[in-house]
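Visitor: Give me a model of this one.
(one chain, ligands or ions: 1)
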Amino acid sequence: MMAMTIASSSTMHIQLGITQLTPPTNTSIFTQTNSSFGRNRVVPFALQTKKQRRPQNIQGDFFVDHTCIDCDTCRWMAPVTISTLLNETFTQVDDMSAVYKQPSCEDERLRALQALLSCPTSSIHTEEPARDIVQVQKTFPIAIDVNKIPDVYHCGYHSEKSFGAASYFIVHPEGNIIVDCPRYTESLARNIEMMGGARYMFLTHKDDVADHAKWSKRLNCERIIHVEEVTGSTANVEIKLDGRSPWSLGEDFTLHHTPGHTTGSVCLFYKLKKVLFTGDHLFNSETGLSISEKYNFYSVPIQLENIRKLLELDFEWILPGHGRRASFKDVAEKNNALKTFLSSKSELC
Ligand SMILES: [Zn+2]
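Guide: Here you go, the predicted structure:
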């Protein structure tokens, strides 16, 4: 496998090859609640028992227990249709997920079991032992769109340590890349290994690093994070981005410093496939593009300023850490969505 290169603004190539360039939805079997990155849940101690079926679940095999942190993962992973009329279907049930429609075909069951395995708090269960669970484990990482971006996958296995954030896997001839960090799971590690392993683990920011050390050791991948996101847990990360953005990672990827959510948030741009991995810089919601003002650790105005800079990038997909993914038919549609979002926040700019 060829090593990629990372380069820096003064055009000096450094070891490991990063180059810094000159500036140049749907209905769900789970009900909707207020998405809050799952961080503000206060569950009465008496209700914290595992596997206690919430009464808000519809009758049947699948159910959510009281330990749900409302991260929204199951609700976007297990849609029962691809309808876009999301807002008319979701219902808030006491700030937690609940099953409102039991799977009624093979595909719905597969998605429900994928959601069960991906739930960061293991809050989803079946009354009957799921004898097909081993087969479902083999479906990870999950292709996001086999026709449009066949080499980009959702890792699943969200981690509570990352507040339930999504992570991704990119298969690339110059070396595969994991974007942000899934919960360490040996079956996922084996599947990734069978797909060629991972050359890099790119971490968008300090919130979503979860079990990065275990993954790095298991897959022998080099971790990349911005120097301002380094904490005690990531002190030994192999590549720390510093200096002037953007940096290039091989031929097909650039890394863009997008401070705002945190000071060292970075987006990964897969130029060839027009995909932007945004971490917590920008995500989709049921009402369009969005950010979390509540969970902002640096500056909302600076975050908005750096979202405006995304108008210059030629992408059609947004794959975030928290929140939902977005796809656009072309760059013009993406820019319209960005402008609509920015104008809705004009009082904060
Ligand atoms: Zn974050």
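Visitor: Show me where the stretch 151-300 of the chain has its helices.
Guide: With helices called from DSSP state H, counting those that start in this stretch, the stretch 151-300 of the chain shows them at 186-194, 212-219, 300-308.
Visitor: outside of the shortest one, which residues touch it?
Guide: Right, helix 212-219. 178, 181-182, 184, 189, 192-193, 197-198, 201, 203, 221-223, 233-234, 236-238 (CB atoms under 8 Å, 6 or more residues apart in numbering). Every C-beta, even on glycine, is put in place using the N, C-alpha and C of the backbone.
Visitor: Specify the angle between that helix and helix 186-194 in degrees.
Guide: For helix 212-219 against helix 186-194, the angle by axes from the mean of the first three to the mean of the last three CA atoms, to 10 degrees is 50 degrees.
Visitor: next helix or strand past the helix or strand bottoming out on mean pLDDT in the chain?
Guide: For the chain, using mean pLDDT, DSSP states H and E, the weakest element among its helices and strands is strand 18-20, scoring a mean of 50. Next helix or strand after strand 18-20 toward the C-terminus (DSSP states H and E): strand 62-64.
Visitor: Okay, now the sheet partners of that next one, with direction.
Guide: As defined by DSSP bridges, the strand partners of strand 62-64 come to strand 124-126 (antiparallel).
Visitor: list the buried ones in the strand it pairs with?
Guide: 124-126 (16 or more other CB atoms under 10 Å).
Visitor: same question, stretch 329-347
Guide: Quick answer for stretch 329-347 (16+ other CB under 10 Å): 334-335, 337-338, 341-342, 345.
Visitor: now that stretch: mean pLDDT?
Guide: Mean per-residue pLDDT for stretch 329-347: 95.
Visitor: what about the spatially closest residue to residue 77 that is not a sequence neighbour, helix or strand, and which?
Guide: Computed as CB to CB, 6 or more residues apart in numbering, the closest residue to residue 77 that is not its neighbour in sequence is residue 115, at 4.2 Å. For residue 115, the host element (DSSP H and E) is helix 106-118.
Visitor: residues in contact with that helix?
Guide: So helix 106-118 is contacted by 29-30, 62, 73-74, 77-80, 103, 124-126, 130, 132-133, 136-137, 139-140, 142, 156-158 (CB under 8 Å, 6+ apart).
Visitor: now it and helix 186-194, what's the angle there?
Guide: 110 degrees.
Visitor: What are the buried residues along helix 106-118?
Guide: Buried-residue list, helix 106-118, by 16+ other CB under 10 Å: 108-118.
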